[in-house]
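J.: curious how this folds, go ahead:
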Amino acid sequence: MKRRIERGVFLLAAAAMVIAAAAIPTRRAQEDTLPEVYVYRGYAAATDAPWSEKSLDFAVKRFSHLLEAYFPGSEHVYMSVIPDKAAFMETPEGYTPTGAQETADYLAQRLPVEIIDIAPLLALEDYYRTDPHWQQERLSAVAQTILEAMGAPVPDTTEETLCALAGEFHGSYWGKTAEPLTADVLSYITSPLLDGCTVYDYETDSTGGVYDFTAAEKSPYDLFLGGPKALLRIENPAANNDRTLIVFRDSFGSSLVPLLAGSYRTVYVVDIRYMATDALARVTEFPEGANVLLLYSVAVLQNSITLK
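T.: Numbers count the residues shown, from 1 in each chain. Here you go, the predicted model:
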């Protein structure tokens, strides 16, 4: 396995992402009458990009290239679309958030994937009040559903403990609303199994745990897998099987992946917003027969220009 890599692989991808992001029109530019951030029942959300077949078609193009390059003919490719928090809220007049189901249906008709529907398992309370992300401690049913759909064993959770970072969690919507918000608490699940997992970061050539407390000091949500990372490999020495999972994800995956890791010997975690798909072959080799999971939020799929 190739462990030493050229740092330029990651730096070029990061630069490309900045340029691409600058080219994406904001919802405010598209509809000046809509607020950028609004509040419903104490939860804040942003008006997201509207339904765009052009963006979804670009996502199909990127995922098709990815699957053809690394997993041709695989029958073990799955996809879950993560609903935007706005789907569970009353929204401003004239604004309709893009639905996870219609997004998944569109992609399923164009990609060789099996859709794992997780939207019915979620509710507004599963998200942070001040941030777009979901709360890890409320994702057990989501993790179980995904594992069962992929034919993976569901790990024993009897030894899990819920912990919390000290202090308040002020998410990305904090201070951006006309009405005050109640701060969140950022909690995380730990267990002897998770404590024993190691996470190798290909970019920094360093190894840590599934929770990065140093990164959390700057950005609390970066506690989960250290935040935005192009390529990670999680090793679970307690696994009683040799299964491998490869997850292509956005930031929502950071908090969910640790709940999947207990079912596999090895989990690769890839974010192709920070690393070009073609560069993966210069960094690592994926084993044959692995489960592959595309785990993406509606927001990223509707701004798919960020995918490399």
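J.: ok, S191 touching T161?
T.: Yes - between S191 and T161 there is a contact at 6.6 Å, judged by CB atoms under 8 Å. Quick note: C-beta positions are derived from backbone N, CA and C, even for glycine.
J.: which one's more surrounded, those two?
T.: S191 (18 against 11; other CB atoms under 10 Å).
J.: for L165, see how far away the more buried one is.
T.: 17 Å (CB to CB, to the nearest Å).
J.: for the stretch 51-200 of the chain, what spans make up the helices?
T.: Secondary structure of the stretch 51-200 of the chain by DSSP state H, counting those that start in this stretch: the helices cover 53-70, 100-108, 140-149, 192-196.
J.: ok, and the closest non-adjacent residue to Y40?
T.: Among residues not flanking Y40 along the chain, M89 sits closest, at 4.0 Å (CB to CB, 6 or more residues apart in numbering).
J.: return the backbone torsion pair for that neighbour.
T.: phi -130, psi 160 (degrees, to the nearest 10).
J.: quick one, what contacts it?
T.: By CB atoms under 8 Å, 6 or more residues apart in numbering, the contact list for M89 reads 40-41, 43, 45, 124.
J.: now the helices of the stretch 51-200 of the chain in TSV, with distance to I272?
T.: As requested, the helices of the stretch 51-200 of the chain are exported to TSV (distance: least, CB to CB, whole Å):
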stretch	distance to I272
helix 53-70	7
helix 100-108	15
helix 140-149	20
helix 192-196	26
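J.: between the ones you listed, which gets nearest to Y296?
T.: Closest of the helices of the stretch 51-200 of the chain to Y296 is helix 53-70, at 7.8 Å (criterion: CB to CB).
J.: in the closest one, what's buried?
T.: Residues 55-56, 58-60, 62-63, 66-67, 70 are the ones in helix 53-70 that count as buried (16 or more other CB atoms under 10 Å).
J.: all strands for the stretch 201-308 of the chain, in order.
T.: 206-208, 231-235, 244-249, 266-270, 291-297 (DSSP state E, counting those that start in this stretch).
J.: not counting its own residues, what contacts stretch 201-217?
T.: 3-5, 7, 10, 165, 186, 188, 190, 194-195, 197-200, 222-227, 229-234, 257-258, 261, 283-284.
J.: any of those buried? List them.
T.: 5, 10, 165, 186, 188, 190, 194, 197, 199-200, 222-227, 229-234, 257-258, 261, 283-284.
J.: quick one: the residue nearest to Y40 from P192, how far?
T.: Taken as CB to CB, the span from M89 to P192 is 38 Å.
J.: for V81, same thing?
T.: Noted for V81: a distance of 33 Å to P192, by CB to CB.
J.: more neighbours, the two?
T.: Using other CB under 10 Å as the criterion, V81 and P192 rank with V81 on top: 28 against 10.
J.: my guess is the more buried one contacts Y296. True?
T.: Yes - if you go by CB under 8 Å, V81 and Y296 touch, sitting 6.4 Å apart.
J.: and for L162, the neighbour number?
T.: The number of residues packed near L162 is 10, by other CB under 10 Å.
J.: test my guess that it contacts V185.
T.: No - if you go by CB under 8 Å, L162 and V185 don't touch, sitting 10.5 Å apart.
J.: ok, now which ones touch the residue nearest to I82 when sequence neighbours are not counted?
T.: Once flanking residues are discounted, I82 sits nearest to S297: 4.2 Å by CB to CB, 6+ apart. S297 makes contacts with 81-84, 250-252, as judged by CB under 8 Å, 6+ apart.
J.: distance of S297 from T190?
T.: In terms of CB to CB, S297 sits 25 Å off from T190.
J.: contacts for stretch 237-249, please.
T.: Contacts of stretch 237-249 (CB under 8 Å, 6+ apart): 66, 150, 152-153, 192-193, 196-198, 253, 257, 260, 262-272, 286-287, 289-296.
J.: quick check: mean pLDDT of it?
T.: What stretch 237-249 shows for mean pLDDT is 96.
J.: also stretch 220-231?
T.: The pLDDT scores in stretch 220-231 average 97.
J.: then that stretch to CSV, C-alphas only?
T.: C-alpha atoms of stretch 220-231 as CSV (Å, rounded to 0.1, in the frame of the first residue of the first chain):
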residue,chain,number,x,y,z
PRO,A,220,-15.9,21.9,17.7
TYR,A,221,-17.5,19.9,14.9
ASP,A,222,-13.9,19.0,13.7
LEU,A,223,-13.8,16.7,16.8
PHE,A,224,-15.2,14.1,14.4
LEU,A,225,-12.3,12.6,12.4
GLY,A,226,-10.4,15.9,12.6
GLY,A,227,-12.7,17.8,10.3
PRO,A,228,-12.2,18.3,6.5
LYS,A,229,-9.8,15.6,5.4
ALA,A,230,-9.1,14.3,1.9
LEU,A,231,-8.3,10.7,2.7
